[in-house]
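In: below is the sequence, then the predicted model.
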Protein chains: 2
Amino acid sequence: VNDEPTAALVIIGAEILSGKVTDQNTPFLIRALRARGIDTTEVRVISDHHESIVQTVKTMADRSTYVFTTGGIGPTHDDITMEAVANAFGRSLVRHDEILERLRARYGNAINDAHHKLAEVPQGADVILGRERVLPVVRLENVFIFPGVPSLVRICFDRIAATLDSGSFYSRALHLSVSETVVAQTLRDLQEANPDVAIGSYPRFDDAPYRVKITIDSRNDRRVESVFEALQRALDPQIIVPEPDL
Amino acid sequence: VNDEPTAALVIIGAEILSGKVTDQNTPFLIRALRARGIDTTEVRVISDHHESIVQTVKTMADRSTYVFTTGGIGPTHDDITMEAVANAFGRSLVRHDEILERLRARYGNAINDAHHKLAEVPQGADVILGRERVLPVVRLENVFIFPGVPSLVRICFDRIAATLDSGSFYSRALHLSVSETVVAQTLRDLQEANPDVAIGSYPRFDDAPYRVKITIDSRNDRRVESVFEALQRALDPQIIVPEPDL
């Protein structure tokens, strides 16, 4: 299980912490990674301070198979992610000739210092260019450096998705008509007897057609099925409701 | 500025990291805190492992005026936040008589071990009960322990909002018809000359009626106005577009 791929997200942006923008990249990346069997183990939303980015990227790069940063990429003074990620690995920024060439082709004589900043990448980074776009995806060691704009994050993820190691997840769920307290002891016993699967319990307090959803998750499909069957045997069949069509 | 209140959010939940649920509590809390002048400086989404919660709460409680945890509150085996927060401060859990009394009044003879777990709070915690509800808000030192269900988070926040130290934020924005690269040097110079305000630059790549939004933020309203006027003077008036009605 330990060599199954994991990911950590580092969401960089004062605009998210100040409430000006709602972070759409976290839910997108969690689901896109999950669909490839990659388990997101932690997300950190931090402000655009150099030292915070350096420390957070260092910590997360040690713990996870992959790290994805979003935000702080661009031509302005508050775009410091590229340099901070470089520094996290003891590197500095160098000019990437092909990026600069594409910027020249696009902007011609209007090119300025701000465009030059867009062509700077960490020394030793992989640069994954799209067919026509100027926007590069930059990977340094196990860290992918993504922009903050959600539509661009999707483009970047699609461009690199096939290069990621993938895994598999298996999951089953049961919906119950009773409150969590009624089944808490059963779930606790089942979890203790089966520590290799994750049993989750999610109550609802609205008008949903069930009051609690029980989930069983594992990397091993046979273990999920086996614990799912044990759970069904342990419960009063009358409290199990059909899967709601939500 | 340093004694202005700050907050950190610790979002606990395998259901968010697995993509089953989108975290609504982070945007709600960031905005509710911001409206009271409290600056959210970091958000961490972590899984429901005891040691992760203990370490994260310790770190965040040292750095921020307030910490808000969400999730992992309830009667089942995967609800471990209460104990982990207690342990982060070297405390253990104790039974809270008034919570138990309310549970007895509500469930009568149906009360079981799972309900008893709901009445356990960290030693020395403040328990803020609503008028009728069973759900308590528990505060230990500077950490508020909130549930994960968004509708309950709102109830909990409203109950304790008046007890928080508050501050003030001031913000101005300008929308421009040109791309970031055109104004990058102007913004950089202005930020260097005015390090006490935060100048942000947010590009758009969609069909919005502007291509970049510039923001100026500070705790000091006169400084915001002064830098805002300097920015207007530094820019070609023709590139400034009216505030879009979004």
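Out: Yep, that arrived.
In: for chain A, what spans make up the strands?
Out: Taking DSSP state E, the strands of chain A run over residues A:6-12, A:39-46, A:66-70, A:93-95, A:120-122, A:126-129, A:136-140, A:143-146, A:170-176, A:198-203, A:212-218, A:240-241.
In: B:Glu51: which of these is closest?
Out: Nearest of these to B:Glu51, taken as C-beta to C-beta: strand A:39-46 at 12.9 Å. In this view, the C-beta of every residue, glycine as well, is placed from N, C-alpha and C.
In: distance check, A:Ala35 against B:Ser18.
Out: 11 Å (C-beta to C-beta, to the nearest Å).
In: and these two? Which one has more around it.
Out: Neighbour tally, A:Ala35 and B:Ser18, criterion other C-beta atoms under 10 Å in any protein chain shown: the higher count belongs to B:Ser18, 20 against 12.
In: so who does the nearest residue to the more buried one once chain neighbours are set aside touch?
Out: Using C-beta to C-beta, 6 or more residues apart in numbering or on different chains and skipping the chain neighbours, the partner closest in space to B:Ser18 is A:Arg34 (6.4 Å). By C-beta atoms under 8 Å, 6 or more residues apart in numbering or on different chains, the contact set of A:Arg34 is A:Thr40, A:Phe169, B:Ser18, B:Gly19.
In: picking that back up, now tabulate the strands of chain A in TSV and tack on distance to A:Val227.
Out: Listed next are the strands of chain A as TSV, based on distance: least, C-beta to C-beta, whole Å:
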stretch	distance to A:Val227
strand A:6-12	22
strand A:39-46	18
strand A:66-70	29
strand A:93-95	50
strand A:120-122	45
strand A:126-129	40
strand A:136-140	38
strand A:143-146	34
strand A:170-176	8
strand A:198-203	7
strand A:212-218	5
strand A:240-241	15
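In: okay, those strands in TSV with mean neighbour count, distance to B:Val67 and mean pLDDT next?
Out: Shown next, in TSV, are the strands of chain A (neighbours: other C-beta atoms under 10 Å in any protein chain shown; distance: least, C-beta to C-beta, whole Å; pLDDT from 0 to 100):
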stretch	mean neighbour count	distance to B:Val67	mean pLDDT
strand A:6-12	25	18	98
strand A:39-46	23	14	97
strand A:66-70	27	24	98
strand A:93-95	14	35	97
strand A:120-122	22	33	97
strand A:126-129	14	38	95
strand A:136-140	23	32	96
strand A:143-146	26	27	98
strand A:170-176	18	31	95
strand A:198-203	21	24	94
strand A:212-218	22	28	95
strand A:240-241	16	37	95
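In: sorry, back to before: how about the contacts of A:Arg34, which pair is most distant?
Out: A:Thr40 and A:Phe169 (11.5 Å).
In: quickly list what's touching both of the two.
Out: The contact sets of A:Thr40 and A:Phe169 overlap at A:Arg34, B:Ser18 (C-beta under 8 Å, 6+ apart).
In: returning to that earlier point: between the contacts of A:Arg34, which is closest to B:Ser226?
Out: For these, the nearest to B:Ser226 is A:Thr40 (43.1 Å; C-beta to C-beta).
In: confirm for me that the closest one is in contact with A:Phe28.
Out: No: the pair A:Thr40 / A:Phe28 is not scored as a contact, 11.2 Å apart, by C-beta atoms under 8 Å.
In: where does pLDDT dip in chain A?
Out: A:1-2, A:245-246 (pLDDT under 70).
In: try it again at 80.
Out: Along chain A, the model assigns pLDDT under 80 to residues A:1-3, A:132-134, A:244-246.
In: tell me the residue furthest from the middle of it?
Out: A:Asn109 (38.9 Å; C-alpha atoms, centre = their mean).
In: distance between stretch A:165-180 and the chain's centre?
Out: The chain centre lies 19 Å from the centre of stretch A:165-180; the measure is C-alpha atoms, centre = their mean, to the nearest Å.
In: helices along chain A, start to end?
Out: Using DSSP state H, the helices of chain A run over A:14-17, A:25-35, A:50-63, A:81-88, A:97-107, A:113-118, A:150-160, A:180-193, A:221-234.
In: identify whichever of the strands of chain A lies nearest to B:Ala84.
Out: Among the strands of chain A, strand A:39-46 comes nearest to B:Ala84, with 15.5 Å by C-beta to C-beta.
In: orientation of the closest one relative to strand B:39-46 in degrees?
Out: Strand A:39-46 runs at 170 degrees relative to strand B:39-46, counting by axes from the mean of the first three to the mean of the last three C-alpha atoms, to 10 degrees.
In: in its sheet, which strands sit next to strand A:39-46, and in what direction?
Out: Here strand A:39-46 has these sheet partners by DSSP bridges: strand A:6-12 (parallel), strand B:39-46 (antiparallel).
In: contacts for the longest one next, please.
Out: Same thing as strand B:39-46. Here strand B:39-46 has contacts from A:11, A:17-19, A:26, A:42-47, A:52, B:4-13, B:16-17, B:23, B:26, B:29-30, B:33-34, B:52-53, B:56, B:60, B:63-64, B:167, B:169, using C-beta under 8 Å, 6+ apart.
In: so what's the residue lying closest to A:Glu243 once chain neighbours are set aside up against?
Out: Once flanking residues are discounted, A:Glu243 sits nearest to A:His175: 6.3 Å by C-beta to C-beta, 6+ apart. By C-beta under 8 Å, 6+ apart, the residues touching A:His175 are A:Pro209, A:Tyr210, A:Val212, A:Lys213, A:Ile214, A:Ile240, A:Val241, A:Pro242, A:Glu243, A:Pro244.
In: this completes my enquiry, with thanks.
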